[in-house]
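Trainee: I'll drop the sequence and a predicted model, then ask my questions.
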Amino acid sequence: MAQTPIDPIAHLYRRAGFGVPPAELDEGRRLGYAATLEKILRFDAAPDAAETALAAYQSQLDLTRPNGIQAWWLIRMLTTSRPLVEKTTLFWHGHFATAISKVKDPAAMREQNNLFRAKGMGRFRDLLLAVSQDPAMLFWLDSNTNRKGQPNENYARELMELFTMGIGHYTETDVKEAARAFTGWFVSRQARQLGQFFFNDNQHDHGAKTVLGHTGDLNGTDIVDILAYKPETARFISRKLWVWFIHDHPSDADIEPLAQLYLANDTQIRPLVEAILRHPAFLSDEAYLALVKSPVEFAVGTLRVLPGSFNPLLLPGALRQMGQELFNPPNVKGWDGGMDWISTTTLLGRVNFANAVTSARPGGNRNSFGDGINLAVLLRGITATTAEALVDQLAARLGPVPINDGSRAEMAAYVGAPGGLSTLAPAQLDTKVRGLVHLILGTAEYQVG
Amino acid sequence: MKRRDFLGRGAALFGVGFVGPELLTAMAQVSTNPTRPADPVLVMVQLNGGNDGLNTVIPYADPVYYASRPVLAIPKDRVLPVSATHGFHPGLEKLKPLFESGNLGLIPGAGYPNANRSHFRSMEIWQTANPDRIVADGWLGRYLDSMTPPSANPLYTMNVAQALPKTLNCEHCSVPSVPNLTTYNYATDPRQPQDGKLLLQAFSKINSHVPVDRPYVGLIQKGLDDAYRTMDRLQATKGYQPSVAYPTTPFAQALQLVAQVIVNDLGTRIFYVQLSGFDTHANQAQEHADLLADLGNGLSAFFTDVKNAGRADDLLVVTFSEFGRRVHENGSRGTDHGQAGPMFVLGGRVRGGFHGALPNLTDLDNGDLKYTVDFRSVYATVLQNWLAADPAAILGSPFPLVEFV
């Protein structure tokens, strides 16, 4: 079968962010790939536009509730001028997966999220130490009850298995000994409110421990320092970032140079991300449209690409139907991603979100997705006179989304204007354009990016 | 659906005053084959997080248990005894009558060699029935793939959760995921009902075409098509009136949906239900009690409902968790990851009682209970005695059966 033509700018904006509206895509095409990539990488040149957008929503956001902090982050993703930062923050949220279902404290969850935003591009060693002392994490993996003589293994195990080296590179003894090193790393909690990290020396085990060949009166910081610089960690993090940005089947040979880069740069993440975005494989046919969009990528991407006005406060509920609740991953391993996003019910969640977006019109009730699509803007520059051409031009704006011949014919049959689009009354055209967007967003092809 | 199915079950349920010859034949068949129904239904219940088996089936006569669990041990007078040495956690009070009526069996020490204490790897081992290497397909997925001919019913298997567990991963089968029916439909703009019909028609046809050649697109399209082909049939069961009041928890509601689909005879043979929260590293007592109550109350309501519909003999429920927990409690009034744990089996034809040896609290592996029955023996029994499949072909090698069915 013929290769799908690669649109490098659209690909870059999807992977390094959540997609952009057609005008910004055109701007990127004018600038060229290299300059667009530079613009994305130099995100700290200007303040984040999301701050202004969030200020406008301040009175509507209840940050003491899970729904409120979810909307808070989604508004960031929708309006940010630093897409790479939000994309990386989402990566770390999935990596250091912490769930509000147990933590119960929205403020602490938001604090952790800001930690990913602030430190997610810096040294992994610093990020790991900050996460190990993060109140939400301390409570989530029971560090706050990890006492001398009665260690709780929860954090030590997940630290090695999921946060650093990966399974198979440590022993059960390493887990038990590392748990002892973290004894006394506590966080206070009153009612459902978490306090700050504190070190309780009385509950810390000062005896000798041996972890991964290192022996001494090790504490948690020592364990972080040991783990962050292990070659296994370098590979584990490099592989996971590759899978996040490029495709899901890197070879060992793909990963090794990145792992070396991580170690050579004192565990800095930013050079690693840059190397991945500049990697030849990033723009390869193998990578193009080769990742299943997460619900967040699907929904945020759709609302960023479509012109109009949409109510972001309804997004958390819609995302729940699609199988992704921000701040509430299913377990400490985070979301598995890929085909694990896909099931009959989550797919219906996606097509029903598409319907909610395309059905929204000015004057809708509070369950409406806002004023909805601005059709005049969407159709600006659309030159199609036939239904088939309209399908292609809309699909180009929404992705581009490749549409197979059979689907194009079905969509044209749905429009039902054999004599051309000029035979449709304006109200009919309005309905049919909305319907086509609904159908395109509900194709299998739109679910990959 | 076979005509006999409808008459055998549906007629009785909907009160149709008619007993045809087919029904009599069906009843006769059942009575000549007392161990296996013509259309067996399997409900797998996955307990996520590592259920603390020692506080589920409690060795209340063993002083080692009380010595190991100064805070968490259930006092003898609160244990619900089911034998001279063992009893249920008080949260399982609704399961005790089912044990007494012989409908509930248990395998007290299920596990596998060289236990893995990672939640994710160990769960994967239970889901794929392969402790030696990582494989793509689940054990029930391989069973579904082995069916010749494969079932044409897109609802032959139903996952009652949002995401598909690896257990049901397969090469050729389709498994819809249906956590509930509230949004399991194709919504369109209510202001445009006529256009909505055209949209649904276009949606269904689009999914019949050859998709663009990109990874995963074909599988996603199949999922969209499966959704289309299952949603109306499921929505048609919505008027179901259960014969018992189910608890309002998501777990019990999931089981009610299973009963609804069984009783409406959609031809579904395998269901998959999950209950999460068993990773009780800290302050376990109340949390674990709540979880077990959810499990016991839900299963009890479900079994009674299915039984009242005359379908208990078609039903086999099997519960499992990725591991048990350490014998010794930790310093956080909780328990860390362990090894062997109990499995429950429930159904009209189940041989009740204990199956397999009890774990020994003084013969431990690194602080953990040693398994006495390989869980693959339980799967092999389900495959051979319940699903009439060849266990060795699906599990890779033969395992001795555990005669609970």
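Mentor: Arrived safely, thanks for sending.
Trainee: In contact with B:Ser204, which residues?
Mentor: B:225, B:228 (C-beta atoms under 8 Å, 6 or more residues apart in numbering or on different chains). Every C-beta, even on glycine, is put in place using the N, C-alpha and C of the backbone.
Trainee: Next, work out how far apart it and B:Met231 are.
Mentor: 11 Å (C-beta to C-beta, to the nearest Å).
Trainee: how about low-confidence regions in the chain?
Mentor: Going with chain A. A:1-3 (pLDDT under 70).
Trainee: oops, I was thinking of chain B
Mentor: B:1-34.
Trainee: Mind jotting down where the helices sit in it?
Mentor: Taking DSSP state H, the helices of chain B run over residues B:3-5, B:11-13, B:21-32, B:63-68, B:96-100, B:119-128, B:139-146, B:193-206, B:217-235, B:250-263, B:284-308, B:375-381, B:391-395.
Trainee: cool, the stretch 1-150 of chain A as well?
Mentor: Remark: helices assigned in the stretch 1-150 of chain A by DSSP state H, counting those that start in this stretch are A:8-15, A:22-31, A:33-41, A:50-57, A:66-79, A:83-95, A:100-103, A:106-119, A:124-132, A:135-140.
Trainee: doesn't A:Lys119 make contact with A:Asp126?
Mentor: Yes. With contact defined as C-beta atoms under 8 Å, A:Asp126 counts as touching A:Lys119 (5.9 Å).
Trainee: just the residues of the stretch 51-200 of chain B that are near chain A, which are they?
Mentor: B:117-121, B:159, B:162-164, B:176-179, B:183-189, B:191-192, B:195, B:198-199 (C-beta under 8 Å from any C-beta of the partner chain).
Trainee: Next one: B:Val378 relative to B:Thr268, how far apart?
Mentor: Using C-beta to C-beta, we find B:Val378 at a distance of 22 Å from B:Thr268.
Trainee: before we move on, what about B:Ser243?
Mentor: 19 Å.
Trainee: need the contact list for the closest residue to chain B within chain A.
Mentor: Closest residue of chain A to chain B, C-beta to the nearest C-beta: A:Gln150 (2.1 Å). Neighbour list for A:Gln150: B:330-332 [criterion: C-beta under 8 Å, 6+ apart].
Trainee: Considering only those, which also neighbour chain A?
Mentor: Counting by C-beta under 8 Å from any C-beta, the members of the contacts of A:Gln150 near chain A are B:330-332.
Trainee: rewinding a little: give the bridge partners for the residue of chain A closest to chain B, please.
Mentor: Counting by DSSP bridges, A:Gln150 is bridged to A:Arg147.
Trainee: what do you get for B:Thr319?
Mentor: Following DSSP bridges, B:Thr319 is listed with bridge partners B:Val45.
Trainee: I'd guessed it sits against B:Leu47; true?
Mentor: Yes. Contact between B:Thr319 and B:Leu47 holds when scored by C-beta under 8 Å: they sit 6.2 Å apart.
Trainee: any shared contact partners between those two?
Mentor: Counting by C-beta under 8 Å, 6+ apart, the residues touching both B:Thr319 and B:Leu47 are B:Leu295.
Trainee: one step back: B:Ser243 and B:Thr268: which has the busier surroundings?
Mentor: Regarding B:Ser243 and B:Thr268, a neighbour count based on other C-beta atoms under 10 Å in any protein chain shown identifies B:Thr268 as having more, with 25 against 14.
Trainee: For chain A, what is the nearest residue in the stretch 51-200 of chain B?
Mentor: Closest residue of the stretch 51-200 of chain B to chain A, C-beta to the nearest C-beta: B:Ser177 (3.5 Å).
Trainee: burial measure for that residue, as a count.
Mentor: That count, for B:Ser177 with other C-beta under 10 Å as the rule, works out to 27.
Trainee: Could you report the neighbour count for B:Ser332?
Mentor: 23.
Trainee: which residues touch the nearest residue to it once chain neighbours are set aside?
Mentor: Distances taken as C-beta to C-beta, 6 or more residues apart in numbering or on different chains put A:Thr145 closest to B:Ser332, at 3.4 Å, once the chain neighbours are dropped. The contact partners of A:Thr145, by C-beta under 8 Å, 6+ apart, come to A:152, B:281-283, B:331-334.
Trainee: List just the one of the helices of chain B that sits closest to A:Ile269.
Mentor: Among the helices of chain B, the nearest to A:Ile269 by C-beta to C-beta is helix B:119-128 (24.0 Å).
Trainee: Outside of the closest one itself, list whatever touches it.
Mentor: With C-beta under 8 Å, 6+ apart as the test, helix B:119-128 has contacts from A:161, A:167, A:331-333, B:46, B:48-50, B:112, B:115-116, B:131, B:134-135, B:137-139, B:165-167, B:279, B:320, B:322-323, B:337, B:375.
Trainee: From the residues you listed, list just the buried residues.
Mentor: Among those, those classed as buried by 16 or more other C-beta atoms under 10 Å in any protein chain shown are A:161, A:331-333, B:46, B:48-50, B:112, B:115-116, B:131, B:135, B:137-139, B:165-167, B:279, B:320, B:322-323, B:337, B:375.
Trainee: Fine by me, we can end here.
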